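**Student:** no letters, just coordinates:
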């Protein structure tokens, strides 16, 4: 029951799950009406950096009203190489980057550990810089290479007769920016 939480300032210098070092985490925990708020969240969890920015202070609100748990997360999740983060979370490394972030404002029915794609609501903005789409197992990379030829960011490379990115294992990009809206697990991009 989140309403039984006490006020605490917490910093975990290193935490483990089984044999895996998950990183470090700090937060301020404060009771609120029917729940608890975590803010001033900082750390690095399996390659995801948690840092508040002026645009995106990080907070998590967990409440239980009429017996139903709800969780609301707002903040920036930053990464260096998104491919390394994907691997650490058990996904195939299909994309790389020098840096990137997601500014998310999402909520779901359930406790914080009950997050699931089918239950998400809210929105998120994505930015990835200087990366490459990699050949995924069983994927058709020929189509990606054709897209890479016409990618405006790569047009200058082509004008300089630089086709090196076409001969690597994927398609390069300078930046990816996107917006994602979520409603009961239905994702819309623009």
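**Tutor:** Thanks, I have the structure now. If you're wondering where the values come from, they're calculated on a predicted model, not measured in any experiment. Residues are numbered from 1 along each chain as shown.

**Student:** okay, CA-based contacts and neighbour counts for the rest of this
**Tutor:** Noted.

**Student:** what about residue 180, neighbour count?
**Tutor:** Residues contacting residue 180 under the criterion other Cα atoms under 10 Å number 14.

**Student:** that one contacts residue 188, correct?
**Tutor:** Yes: using Cα atoms under 8 Å, residue 180 is in contact with residue 188, at 5.6 Å.

**Student:** partner strands of the helix or strand harbouring residue 22 and their direction?
**Tutor:** Per DSSP states H and E, residue 22 falls inside strand 20-32. Paired strands of strand 20-32, with direction, are strand 8-17 (antiparallel), strand 35-45 (antiparallel) (DSSP bridges).

**Student:** would you mind listing the buried residues in it?
**Tutor:** 22, 23, 24, 25, 26, 27, 28, 29, 30, 31, 32 (16 or more other Cα atoms under 10 Å).

**Student:** and the closest residue to residue 184 other than its chain neighbours, how far from residue 101?
**Tutor:** Computed as Cα to Cα, 6 or more residues apart in numbering, the closest residue to residue 184 that is not its neighbour in sequence is residue 119, at 5.1 Å. Distance of residue 119 to residue 101, computed by Cα to Cα, to the nearest Å: 22 Å.

**Student:** so between those two, which is more surrounded?
**Tutor:** Per other Cα under 10 Å, whichever of residue 119 and residue 101 has more neighbours is residue 101, with 19 against 16.

**Student:** who's in contact with the residue nearest to the more buried one when sequence neighbours are not counted?
**Tutor:** Nearest residue to residue 101, sequence neighbours excluded (Cα to Cα, 6+ apart): residue 78, at 4.1 Å. Residue 78 makes contact with 48, 49, 50, 51, 99, 100, 101, 102, according to Cα atoms under 8 Å, 6 or more residues apart in numbering.
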